[in-house]
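Colleague: Sequence and computational prediction follow.
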Amino acid sequence: MRTITKLFLSSMLLVNGTISLAHSEGGFVDKDFFNEMTKDDKAAILMVHFGTTFDDTRALTIDRINEKVQKEFKNVDVREAYTSRIIMRRLKERGIVKLNPQEVLDELKAQGYTHILVQGTNVMNGIESENLKNEVASYSNSFKDIRLGAPLLTEAHDYEKVAKAIAKKIGPLKKNQGVVLVGHGTHHYGGSAYAMMDYVFSAEGYENYAVGTVEGYPEFDNVVKKLKDRGVTDVILMPFMFVAGDHAQNDIAGDWNEDLQKAGFTVSKIIMMGLGQNEDIQNIYVDHIKFITHHKPEDIAAKKVQYSKDKD
């Protein structure tokens, strides 16, 4: 049964296009990031977030993981960037300025940094992570070494760790109780990660856990069917998002809560907690950074890059 599960997970990784990033599948060469540095080199870590306008959840997720990364890499400067233009504009109206990745990378280049590790807090390999990957690649000639860490859900072990981290946070379930986790969803093929996450919960023994999306698959009806097939009558509702922002407040605590009750379930608890608040999940992101300090993608490592501090 375990072998069948592993085969299924591997096929799902191929479907959502992440197999090329999976640590266990190769595609990397051993190349120590810090040992390659010389006396005059400077290193920085850039944490990239979609962002949020909610101050409380930002403190518990984005700020918290930035602080954790700084503690793990004490002698490396840690910077942050946001990718949502709407969020950055709304924050700026309140006097809070957040830069985008390009602006921060330009600053780091101007300040003489030579080695950059970039880690996004994307949940899965989708449009946002693709955009970040392309943006990082465009700076390959601007630094001696620039590397990008993988999103949260990339290889099979990531899914297993996430399932255990969430189940540990929620604790034992009562009889006929289930957990519904709702993600953003996407029309990108990487959205298959949500279905895989749903499968992994069951494969790891968390049969009464169901994953749905606001936009995409699994849909609300898929979640309802799974819960009823499991005999679930009481539901714990929780966002499957890095931060519990607008979507969590409106679509989950609002729409999904009401729709589940209309479908005959009792929603006994709504946990407004982003994935970024879970320390075990924060540690997965940190592990992804640690991985790229010792490994570099083969295609980038093999390419000879002419580096110049003065290059435009």
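Modeller: Structure received. Everything numeric here is computed off the predicted structure, so don't read it as measured data.

Colleague: use CA for all of it now, contacts and neighbours both
Modeller: Noted.

Colleague: who does residue 181 bridge with?
Modeller: In this structure, residue 181 has the following beta-bridge partners (DSSP bridges): residue 211, residue 238.

Colleague: Which residues are in contact with it?
Modeller: Listed by Cα atoms under 8 Å, 6 or more residues apart in numbering, the contact set of residue 181 reads 209-212, 237-240.

Colleague: Give me the buried entries from the residues you listed.
Modeller: Of all those considered here, the ones buried according to neighbour count by 16 or more other Cα atoms under 10 Å are 209-212, 237-240.

Colleague: Nearest to residue 123, out of those: which one, please.
Modeller: When the buried ones among the contacts of residue 181 are compared for distance to residue 123 (Cα to Cα), residue 240 comes out closest, at 8.7 Å.

Colleague: In contact with the closest one, which residues?
Modeller: Contact partners of residue 240, counting by Cα under 8 Å, 6+ apart, are 181-184, 211, 274-275.

Colleague: and the buried ones among the contacts of residue 181 as a markdown table, adding distance to residue 147 and pLDDT?
Modeller: Formatted as a markdown table, the entries for these read as follows, by distance: Cα to Cα, whole Å; pLDDT from 0 to 100:
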| residue | distance to residue 147 | pLDDT |
| --- | --- | --- |
| 209 | 35 | 98 |
| 210 | 34 | 98 |
| 211 | 31 | 98 |
| 212 | 32 | 97 |
| 237 | 36 | 97 |
| 238 | 33 | 96 |
| 239 | 30 | 96 |
| 240 | 27 | 97 |
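
Colleague: which residues of this protein fall in helices?
Modeller: Applying DSSP state H to the chain gives helices spanning 2-15, 55-60, 62-72, 85-93, 101-110, 127-137, 156-170, 192-203, 220-229, 246-247, 257-262, 279-294, 298-302.

Colleague: Tell me which of the ones you listed lies nearest to residue 149.
Modeller: Distance to residue 149, taken as Cα to Cα, is lowest for helix 279-294 among those, at 5.5 Å.

Colleague: Let me know the angle separating the closest one from helix 156-170.
Modeller: Using axes from the mean of the first three to the mean of the last three Cα atoms, to 10 degrees, the interaxial angle of helix 279-294 with respect to helix 156-170 works out to 150 degrees.

Colleague: looking just at contacts, which helices and strands does helix 279-294 meet?
Modeller: Contacts of helix 279-294 with other secondary structure elements, assessed using 3 or more Cα pairs under 8 Å, 6 or more residues apart in numbering; DSSP states H and E, are made with helix 62-72, strand 115-120, helix 156-170.

Colleague: Could you find the closest non-adjacent residue to residue 215?
Modeller: Counting by Cα to Cα, 6 or more residues apart in numbering, residue 215 lies nearest to residue 185, which is 4.5 Å off, once chain neighbours are set aside.

Colleague: OK, contacts around that neighbour?
Modeller: Taking Cα under 8 Å, 6+ apart as the test, what residue 185 contacts is 191, 194, 213-217.

Colleague: what does the model give it for pLDDT?
Modeller: In this prediction, residue 185 carries a pLDDT score of 91.

Colleague: Now do the nearest residue in space to residue 197 that is not next to it in sequence against residue 194, distance only.
Modeller: Here the nearest residue to residue 197 in space, its sequence neighbours aside, is residue 159; by Cα to Cα, 6+ apart that works out to 6.1 Å. Applying Cα to Cα, to the nearest Å, the value for residue 159 to residue 194 is 10 Å.

Colleague: Please say which of the two ends up with more neighbours.
Modeller: When residue 159 and residue 194 are compared on other Cα atoms under 10 Å, the one with more neighbours turns out to be residue 194, at 28 against 23.

Colleague: doesn't residue 174 make contact with residue 232?
Modeller: No - taking contact to mean Cα atoms under 8 Å, the distance of 10.0 Å between residue 232 and residue 174 leaves them out of contact.

Colleague: the more surrounded of those two?
Modeller: Higher neighbour count among residue 232 and residue 174: residue 232, with 20 against 9, using other Cα under 10 Å.

Colleague: Which phi and psi values does the more buried one adopt?
Modeller: Dihedral angles of residue 232 (phi, psi; degrees, to the nearest 10) stand at phi -80, psi 130.

Colleague: thinking again about what came up before, make TSV out of the contacts of residue 181 and add distance to residue 297.
Modeller: Conversion of the contacts of residue 181 to TSV gives the following (distance: Cα to Cα, whole Å):
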residue	distance to residue 297
209	35
210	34
211	32
212	33
237	38
238	35
239	33
240	29
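
Colleague: hmm, back to that, any idea how far the residue nearest to residue 197 is from residue 151?
Modeller: Distance of residue 159 to residue 151, computed by Cα to Cα: 11 Å.
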